[in-house]
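**Q** Here is the input, now give the coordinates:
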Amino acid sequence: MPKILSRKHFEREWIEKWIVWMKETRRCSPDTCNVRLGSFRMFLQFLGSRDIEFQYLYQEAREVRRQKCIKKKVNGFTREAVEAMLAVPDPSTVTGKRDLVFLTLLYATAGRLDEIRSIKICHLHLDAEKPYVTLVGKRGKMRTAYLLPKVVSYIQIYLKSFHNDPPDPDAYLFYSRVSGMHGRLSEPALAKRIKLCAAAAHEKCPDVPLDAHAHQFRHAKASHWIEDGINVVQVSFLLGHEQLETTMRYLDITTEEKAKALATLESELQKSTPKKWKNSDGTLKDFCGLNR
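**A** So this is what the prediction gives:
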């Protein structure tokens with residue numbers, strides 16, 4: 001490696017040498033190489049924004065190919081594992097009430113960890129005819145998750161212990177004791193609670209992995225919806241996926257199931273779309289402009 005860096009050391013040729021060095025000398029994984037390449041690109045983008053003379057460096061860096069990574073398949077919990085996890089928190093304690101609501105919402109809504117962390121009191125609609133919670137997802141996209149009576153009762157008990165009466169609409173449902181009600185509980189703190197519950201649940205149910213994490217609840221709920229006969233198109237909507245293909249890959253759906261789901265989607269669209277090319281008498285006169 002050069003002792004003094006110059007402009008040429010930030011050009012594509014040297015970036016590619018740097019990646020080879022990371023792989024062969026440092027034994028970095030493809031994922032690590034891609035993360036560092038992404039960070040380096042951001043630095044060059046910043047550099048180019050400050051001096052137009054360096055903008056070409058960012059353009060060259062964008063042309064460097066990312067390393068191929070083996071996609072890690074996420075395995076969700078079995079129904080027995082979910083039941084064992086939810087049986088761990090002790091609702092007679094303050095912490096147990098919080099853990100029970102947190103784990104229950106993860107599974108019941110199939111929400112991402114950040115979506116559950118972002119729930120505010122104003123997002124809860126427990127008195128509605130069909131109680132629901134509004135989840136704020138990626139890029140601020142919002143979706144509705146309906147709540148069963150048992151989940152609603154857990155939340156109401158939790159609110160009495162952790163929030164004022166009436167609760168502050170702008171307070172986070174799961175807040176940090178350090179930052180107060182307007183500061184979200186951190187991801188590491190919640191991840192730690194999941195692992196503690198998993199360790200206790202594993203003793204009674206071997207299906208519970210010791211390295212359990214939040215996304216396994218989301219994957220488990222999606223898989224259980226499929227097992228219960230809910231169509232993949234509906235599951236895609238419930239998960240908040242923009243593309244049906246994302247759900248297919250997410251759940252490792254077979255080719256046959258893909259075709260069935262797409263056929264269902266097409267039939268639903270046909271039902272909701274009026275046939276503008278036909279008159280009431282079944283002819284195509286208006287469409288062809290013959291009646292004008």
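**Q** if you go through the chain in chain order, where are the strands?
**A** Taking DSSP state E as the test, the strands found in the chain are 124-125, 132-136, 142-146, 175-176, 180-184.
**Q** Would you mind listing the buried residues in stretch 83-101?
**A** For stretch 83-101, the neighbour count (16 or more other C-beta atoms under 10 Å) marks 84-86, 88-89, 97-101 as buried. All C-beta atoms are positioned from the backbone trio N, CA, C, and that covers glycine.
**Q** now the strands of the chain in a markdown table, with mean neighbour count, mean pLDDT and distance to residue 4?
**A** A markdown table is the format used below for the strands of the chain (neighbours: other C-beta atoms under 10 Å; pLDDT from 0 to 100; distance: least, C-beta to C-beta, whole Å):
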| stretch | mean neighbour count | mean pLDDT | distance to residue 4 |
| --- | --- | --- | --- |
| strand 124-125 | 18 | 96 | 59 |
| strand 132-136 | 20 | 94 | 48 |
| strand 142-146 | 15 | 91 | 52 |
| strand 175-176 | 16 | 92 | 46 |
| strand 180-184 | 14 | 92 | 45 |
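**Q** for the ones you listed, which one sits closest to residue 40?
**A** With respect to residue 40, and counting by C-beta to C-beta, the nearest of these is strand 180-184 at 30.4 Å.
**Q** Which neighbours in the sheet does the closest one have, and how are they oriented?
**A** Using DSSP bridges, the strands paired with strand 180-184 are strand 175-176 (antiparallel).
**Q** and the closest residue in space to residue 145 that isn't next to it in sequence, what is it in contact with?
**A** Once flanking residues are discounted, residue 145 sits nearest to residue 109: 3.8 Å by C-beta to C-beta, 6 or more residues apart in numbering. Counting by C-beta atoms under 8 Å, 6 or more residues apart in numbering, residue 109 touches 115-116, 133, 135, 145, 147, 221.
**Q** circling back to that earlier point, any chance of the strands of the chain in CSV, plus distance to residue 161?
**A** Listed next are the strands of the chain as CSV, based on distance: least, C-beta to C-beta, whole Å:
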stretch, distance to residue 161
strand 124-125, 15
strand 132-136, 19
strand 142-146, 23
strand 175-176, 13
strand 180-184, 13
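**Q** Go through the ones you listed and name the closest to residue 203.
**A** Proximity to residue 203 (C-beta to C-beta) singles out strand 175-176 among the strands of the chain, at 29.9 Å.
**Q** circling back to that earlier point, how much space separates the residue nearest to residue 145 from residue 124?
**A** For residue 109, the distance to residue 124 equals 12 Å [C-beta to C-beta, to the nearest Å].
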